[in-house]
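1. Return atomic coordinates for the entry below.
(3 chains)
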Amino acid sequence: MADLKYEAPNSLQAAVALLAGASGPARVLAGGTDVIVQMETDLIEPQLLVDIKKIPEVRQITAEEGGFRIGAAVPGMEIMKHAALCKAWPGVVDSVKLIGSIQVRGRASIGGNLCNASPAADSVPALIAAGAIARIIGPNGIREVPVEEIPIGPGKTSLAKGEIIVSFLLPARPAHSGDAYQRFTPRTEMDIAVVGVGISLTLDGGGTCTAARVALGAVAPTALLVKEAADALIGTPVDDAALEQLAKAASAACRPIDDKRGTKEYRVKVAGVLAKRTAQQALERVRQN
Amino acid sequence: MTKRHHITTTVNGDEYEFLCEPQQTLLDALRDEMMLSGTKEGCATGDCGACTVIVDGTMVCSCLVLAVEAGGAKIETIEGMAQGDKLHPLQQNFLELNGLQCGICTPGILIAAKALLERNPDPSETEIRYWLAGNLCRCTGYDKIIRSVQAAAKEMRGD
Amino acid sequence: MTATILEKSGFNADKKLKVVGTNPIKHDGVDKVTGRAKFGADLFLPGMLVGKILRSPHAHAKILSIDTSAAEKLPGVKAVATRADFPEIKPGSIGGDMTRNAMAREKVLYDGHPVAAVAATSEAIAKAALKLIRVEYEVLPHVIDPVEAMKPGAPILHEHVRTKGIKDADKPSNVIERLDLAMGDVEKGFADADVIVEREYDTKPMHQGYIEPQSCVATATEDGQIELWCCTQGPWVFRDRLSDILKIDAAKIRVQQSEMGGGFGGKTGFYGEPVAVQLSRKAKRPVKITLTRNEVFRATGPVSGTKSRIKMGVTKDGVITAAEAELVFQTGAFTGSMFSNAPQAMFTRYNLKNIKTISYEVVSNRPKVNSFRAPCVPQVVFGVEGVIDELARKIGMDPIDLRLKNAATEGYKTIYGDVFGPIGFVETLQAAKKCEHYNSPLPPGQGRGVAAGFWFNKGGETTGTLNIAVDGSVTLILGTTDVAGSRISISMMAAEELGIPVDKVRAIMADTHSLGFNRVTAGSRTTFSTGMVIVDSARKAITELCKRAAGIWGVPEEAVTFEDGHCRPASSNVGTFEPLSIAQIAAKTMMTHGAIAGHSEMNVTGAGPGFGLHIADVEVDKETGRVDIKRYTVVEDAGKAIHPLQVEGQFQGGAVQGIGWALNEEYFYGEDGRLQNASFLDYRMPVASDVPMIGTEIVEVPNPKHPYGLRGVGEVPVVPTMATIANAIGHAIGIRPNSLPMSPPRLLKLMDEARARNGG
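-> Residues are numbered from 1 along each chain as shown, chains lettered A, B, ... in the order given. Sure, this is the predicted structure:
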């Protein structure tokens, strides 16, 4: 680590310039709860750390177009304390509540959670289900990309060299809708998800589902947006029969691995079980709205 | 020799200056540079909470904060919890109710509990357990830790 | 001749105690709640270097060569050490094993085995130096599972091993020993049984999970003296072993124990310490080695995995007639698992006459194991108490009643030859049967289980000193590490003996220069043995006090007694003298007649066996296999709770360790023999939100050989825990798991298989 340089620019332009001009491996530092651990365990050996926490745009939560723009480096605890965000997108907030511990949530950000690109990242399925759009800035300017297009494999994203995620736009919550995120872990806290499910549903006045997004985490190299699972709910009253179909579609979409956190067969089973439970919770929230 | 950063920070109300390399954590700086060894290392990867401190009012694992990030921050550690001879009610209750055995997790747990009670002066047992989920203890089974926090909370509320 | 026990313990059930049985704040408490207490990593010496160890990435390999030349040249590196710096000791001896575990010689035997080390002026330089060391390996096939390691054709770890206990064992083997232990006639016993249950069990290897990684600072001087500061459960054991493997006089090594952040048996052996010493001898500067969490999991002394077959028979009226077991224990790369505890303890709480056991200790490519509280016993009690539960169900008897019917009592001769004195198993079972938890209605959807445990409790070589100061206050020099609160309990016993408040007593944990040999803090022996030794020291000091009082009064020594903190005339015939307090005698005589102290070396015996019965209510999520512990109670006999809150704490801590062991803690090895979950993230110990409050009931059936009747309590709490939970799960889901840990994927699989068998 003799070559490591630490920089803390005050602007996005300066950060982009540093990253684009880096000759060796560089990492963006937001909360640090992944980057610092990976440096400590010698998984990564960056030569440049660009700390973005002094840049205002990545540290703010603002209302926008009826929804919310969340800075990529906003700590989890701030998201959890934001009353309006909790009301509008409780599923997204629930997913943030499950990242690590209170201590970790004091630093960890959804930008970092996404860019670390663990297949099991908790906030990713919830953001995908909510239809979140990432705003990215780079040497070639700004682009907006749906969250599901960012992770491309374990530890890999579609960001080009020099690009940073600035913020996420959570759309206005449609009427008669609700979202939820649940995960399975062996302990109550502190575990990496064995399976994660994020679901957002919208019903019409008569109680029929008109729109749904179902995202799965920890069951494939990246989080999955599962159209077949959403289709199992759309046009139905989200009754037991529809939930059974949802479960089957969720299980069928899994492409998991065996590892120290769960077996393939276990993940496939539990994906179905959790999809049902998550949909039920989302439904409850529709009823409360 | 890697160029070191010169950092000025405030810990428990006192100003400290130290030199550090970019990869060193706040935990390293507290223990090895500022000679405040009350904050403990159990894992250095944010999984055990033994290194818990409060930075600018937020409870964090000091092993997950770089030392360079401490510049200008207000940090609270276990060494600042007692006021002179007067122990904090949490410290006193842990002593009286046997909320510690070997004591290695205790500084982290006390800081975490302090952060909790500053936010929520009347937490339920479940709220305490979930708040402290990031602080591993292997000796006590958590029972007397929870009871000590409950007793301190009650005392601090003046019930 | 070293005494083994106090001639007259003086135990008196009717004596009114003033200090023993209360709950004063422990004397190390303030330092621990303020962060002042010095644990292993908290020593900082001028000129101190950072030591780092290079470890094998292979589970089994020959070391062909080690080239440290580039590392030695790196600026800031002050010393490099390899096998060349450790004296040659032939393999197969105790010293030969110990030195090889500290620093590999011919082969590396596990992922993480030390092969070289550096001491440098900063951690960054030390890490960079390790990268410059070139080690050439010839990778060999490896074996982890002990049953696989027993098979012909398995890779052999040690060419010199010939299995002990097997006739004509003339080929190299991974089986260190076969131990046969039996009594009575099991064939007849099984013939007399109406119901027989035979089951197979397996438990995965795991770790004690102490939160403090091992840390030490070694300082070697130019004239060959060594000072070693370290977290250890046995400073004298460390000293003597270092002396043995480094060929240095014991008196030249001074080991000072730090406060210890958890040990549970895992810190009874050394890991970085010999390396730190050798580096310091080369650098002539203090060297600190602190293990990382990854190193702690990979390369300290984790816990044995096991395989067992257990068979027991019972008559329809509930008399257990025979018990048989075949057990395999994994000892890691070197012998030393203490597996003989298992056949000795596994059935020992029941009044059995017919027992037959065969146990094997097997090496495999993992670090040498160490104990987790009761070594090798919880793993097999997991099976025994499951069989007993099944027997109870099959004959329609309440599970506690079956245990009561067969409970051992005073006079029972154990399989290892001891005859029980007064014991409290019956009382413990009766207390459990009466307790609120056992009699509370079980909420729907939950399962309730019970299981019983036993531990011998140990005595052992112990020394200590009690010194009286000129103002009558008292200091104690203790040899046994205070792992959780023994020092306050021992101070309380000293205060009780001397009739003074416990606040007038302060203990220190001694270094190896200050006392004679102390065996490790283990075996639940500390409060018992060190307490015994300090009581002995107190009584010797009292004898001296009486002598001084006699001198002051001009009467014979026999005419003076000691009561309630004062020397008094033994009777009115002696004369009228005002009682003299300890402080008065000290003030009057210390400057003229010298110090007043008591000192004791004992090889303590007479430890009272401990028994426990645990009760658990669990709920199982039938769709995911996750277990929720809803309620847990520990009922255990402590003989006499010197400090009841401390005793409760031991019960609760042991129970939650057992909950982790039961539900989620295991080592995952890859195909390459490397440990995959060497972090607290994936080595899943219980967190605060995983467990409920742990109910405790302290039963007190005193051990009359101890002055206060106490029995050790450190180990029994973890012995029956996994069995208790497994029995509860069995009642909740209809299948009793036979494999630890009972993690969600395993339970879901069990339930799915049962559903399939029953037609969905």
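
2. Count the neighbours of residue 41 for me.
-> Reading this off chain A. Applying other C-beta atoms under 10 Å in any protein chain shown, we find 15 residues neighbouring residue A:41. (Glycine included, C-beta is placed from N, CA and C.)

3. The intended chain is chain C.
-> With other C-beta under 10 Å as criterion, residue C:41 counts 24.

4. Tell me what the closest residue to it other than its chain neighbours is bridged to.
-> Closest residue to residue C:41 apart from its sequence neighbours, by C-beta to C-beta, 6 or more residues apart in numbering or on different chains: residue C:215 at 3.9 Å. In this entry, residue C:215 is beta-bridged to residue C:290, by DSSP bridges.

5. Check residue C:63 too.
-> residue C:137.

6. if we can go back for a sec, now do the residue nearest to residue C:41, the pLDDT please.
-> pLDDT for residue C:215: 98.

7. what sits against the residue in chain A positioned nearest to chain B?
-> Residue nearest to chain B within chain A: residue A:101 (2.3 Å; C-beta to the nearest C-beta). Going by C-beta atoms under 8 Å, 6 or more residues apart in numbering or on different chains, residue A:101 touches A:189-190, B:46, B:49, B:61, B:133-135.

8. please redo it, this time with the cut-off set to 6 Å
-> B:133-134 (C-beta atoms under 6 Å, 6 or more residues apart in numbering or on different chains).

9. So chain B: which segments form each domain?
-> B:5-80, B:89-157 (automatic domain parsing).

10. Check whether residue C:297 really touches residue C:678, as I assumed.
-> Yes. Because the distance of 3.9 Å satisfies C-beta atoms under 6 Å, residue C:297 is recorded as touching residue C:678.

11. Now do the helices in the stretch 1-150 of chain C.
-> Here the stretch 1-150 of chain C has its helices, by DSSP state H, counting those that start in this stretch, at C:29-34, C:69-73, C:94-102, C:123-131, C:146-150.

12. Out of the ones you listed, flag the one nearest residue C:699.
-> helix C:29-34 (26.8 Å; C-beta to C-beta).

13. outside of that closest one, which residues touch it?
-> B:82, B:91, B:94-95, B:100, B:103, B:106, C:37.

14. ok, how many other residues are close to the residue nearest to residue C:41?
-> For residue C:215, using other C-beta under 10 Å, the count is 23.

15. who touches it in this structure?
-> With the criterion set at C-beta under 6 Å, 6+ apart, residue C:215 makes contact with C:40-41, C:290.

16. quick one on the thing from earlier: quick one, which of the helices of the stretch 1-150 of chain C is nearest to residue A:57?
-> helix C:123-131 (34.0 Å).

17. same question for that closest one, mean pLDDT?
-> On average, helix C:123-131 scores 96.

18. What is it packed up against?
-> strand C:49-55, strand C:114-120 (3 or more C-beta pairs under 6 Å, 6 or more residues apart in numbering or on different chains; DSSP states H and E).

19. Nearest approach to chain B belongs to which of these?
-> With C-beta to the nearest C-beta, the closest approach to chain B among the helices and strands packed on helix C:123-131 belongs to strand C:49-55: 9.4 Å.

20. Not counting that closest one itself, show me its contacts.
-> Here strand C:49-55 has contacts from C:78, C:112, C:114-120, C:123, C:126, C:130, C:133, C:276, C:279, C:283, C:285, C:287, C:289, using C-beta under 6 Å, 6+ apart.

21. Which neighbours in the sheet does it have, and how are they oriented?
-> Checking strand C:49-55 against DSSP bridges gives partners strand C:114-120 (antiparallel), strand C:287-290 (parallel).

22. Next, the angle helix C:94-102 makes with it.
-> 100 degrees (axes from the mean of the first three to the mean of the last three C-alpha atoms, to 10 degrees).

23. average pLDDT for strand C:49-55?
-> 98.

24. Save the strands paired with strand C:49-55 as JSON lines, and put in mean neighbour count and mean pLDDT too.
-> Output for the strands paired with strand C:49-55, formatted as JSON lines (neighbours: other C-beta atoms under 10 Å in any protein chain shown; pLDDT from 0 to 100):
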{"stretch": "strand C:114-120", "mean neighbour count": "28", "mean pLDDT": "98"}
{"stretch": "strand C:287-290", "mean neighbour count": "27", "mean pLDDT": "98"}
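
25. Nearest to residue A:261, out of the ones you listed?
-> strand C:287-290 (28.5 Å).

26. Residues touching whichever helix or strand comes after the closest one, excluding its own?
-> Tracing the chain past strand C:287-290, the next element assigned as helix or strand by DSSP states H and E is helix C:293-299. Residues outside helix C:293-299 that contact it (C-beta under 6 Å, 6+ apart) are B:43, C:111-112, C:207, C:213, C:367, C:675, C:678.

27. rerun that using 8 Å as the cut-off
-> For helix C:293-299, contacts defined as C-beta under 8 Å, 6+ apart pick out A:41, B:42-45, B:47-48, C:53, C:55, C:110-114, C:207, C:213-214, C:271, C:291, C:367, C:667, C:675, C:677-680, C:683.

28. what about that helix, distance to the chain center?
-> 19 Å (C-alpha atoms, centre = their mean, to the nearest Å).

29. Next: stretch A:156-170.
-> On C-alpha atoms, centre = their mean, the centre of stretch A:156-170 falls 13 Å from the chain's centre.

30. Alpha carbons of that stretch, in PDB - could you do that?
-> This file holds the C-alpha atoms of stretch A:156-170, laid out as PDB (Å, rounded to 0.1, in the frame of the first residue of the first chain):
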ATOM      1  CA  LYS A 156     -18.300  -5.500 -11.800                       C
ATOM      2  CA  THR A 157     -20.400  -2.600 -13.000                       C
ATOM      3  CA  SER A 158     -21.200  -1.000 -16.400                       C
ATOM      4  CA  LEU A 159     -19.500   2.200 -15.300                       C
ATOM      5  CA  ALA A 160     -16.700   3.400 -17.500                       C
ATOM      6  CA  LYS A 161     -13.300   4.700 -16.200                       C
ATOM      7  CA  GLY A 162     -13.800   8.000 -14.600                       C
ATOM      8  CA  GLU A 163     -17.500   7.700 -14.100                       C
ATOM      9  CA  ILE A 164     -19.200   8.200 -10.700                       C
ATOM     10  CA  ILE A 165     -22.800   7.700  -9.700                       C
ATOM     11  CA  VAL A 166     -24.000  11.100  -8.400                       C
ATOM     12  CA  SER A 167     -27.500  10.300  -7.200                       C
ATOM     13  CA  PHE A 168     -30.600   8.100  -7.600                       C
ATOM     14  CA  LEU A 169     -34.000   9.300  -8.600                       C
ATOM     15  CA  LEU A 170     -36.900   7.500  -6.900                       C
END
